[in-house]
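Q: Generate a structure from the sequence data that follows.
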Amino acid sequence: MSTFKFEAGAVFPSITKSDLGGNSRDLSKPLDGKDWQMLVVYRGRHCPLCSRFLNELNTYKSRLADLNIDLVAVSADSKEQLESHITKLEVSFPLFYGLSVEEMKSLGVYISHPRSEKETDHPFAEPGLFVINESGTLQVVDISNNPFVRPDLEKLVSGLEWIRNHDYPIRGTYSYS
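A: Now for the predicted structure:
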């Protein structure tokens with residue numbers, strides 16, 4: 001079995017998804033005058049750890065905005081599943097739905113099958129977090145194969161403050177070839 005893994009500094013793929021308002025958007029492109037984008041891939045409404053993470057992430061939205069970083073999140077859930085989930089969330093950043101298996105593969109995230117119909121009715125992405133810089137390249141990546149391992153948001157945002165304020169380079173660019 002082989003999986004795709006982004007190289008640090010690689011061009012981030014264009015993935016267009018819709019929100020509950022019917023607005024479509026390229027998730028790799030920041031809006032509202034921001035020059036960087038943070039894309040969070042979450043498992044879906046069936047995951048209470050995802051709900052907790054998204055709610056906690058919302059408390060960092062203003063600090064990310066101060067760093068000129070736009071924030072969005074996406075899952076493989078259907079529109080109906082997102083409509084149900086959003087009632088349990090306290091987030092003020094855009095949430096998108098309908099991430100396909102092919103799109104998950106293009107992001108290099110781990111993909112799981114549901115354990116039962118009680119969990120969900122489709123393959124879903126395990127957690128991933130991508131920070132895309134003004135050049136459209138991957139500045140920071142964090143992926144996990146399970147819901148229990150995610151970045152500490154205080155350390156992540158503090159690190160992004162350091163990166164933005166000190167022109168810190170993309171790390172992990174050593175090539176094996």
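
Q: For the helix or strand containing V157, enumerate the helices and strands it packs against.
A: Using DSSP states H and E, V157 falls within helix 153-166. In this structure, helix 153-166 makes packing contacts with helix 48-58, helix 61-66, strand 138-143, judged by 3 or more C-beta pairs under 8 Å, 6 or more residues apart in numbering; DSSP states H and E. Yep, even glycine has a C-beta here, placed from its N, CA and C like the rest.

Q: Tell me which of these lies nearest to I15.
A: Smallest distance to I15 across the helices and strands packed on helix 153-166 (C-beta to C-beta): 13.4 Å, for strand 138-143.

Q: show me the contacts for S14.
A: For S14, the contact set (C-beta atoms under 8 Å, 6 or more residues apart in numbering) comprises 26, 28-29.

Q: what's the answer for E126, then?
A: 43, 109-112, 143-147.

Q: at 6 Å instead, please
A: 109-110, 112, 144-145 (C-beta atoms under 6 Å, 6 or more residues apart in numbering).

Q: and the angle from the helix holding V157 to helix 48-58?
A: 40 degrees (axes from the mean of the first three to the mean of the last three C-alpha atoms, to 10 degrees).

Q: Just list whatever residues bridge to the residue nearest to P151 when sequence neighbours are not counted.
A: Nearest residue to P151, sequence neighbours excluded (C-beta to C-beta, 6 or more residues apart in numbering): D142, at 4.9 Å. The partner list for D142 in beta bridges (DSSP bridges) reads L129.

Q: State the distance from D142 to S51.
A: 18 Å (C-beta to C-beta, to the nearest Å).

Q: what about the two, which has more around it?
A: Counted by other C-beta atoms under 10 Å, D142 and S51 do not tie: S51 has more neighbours, with 19 against 14.

Q: For G128, see how far away that one is.
A: 16 Å.
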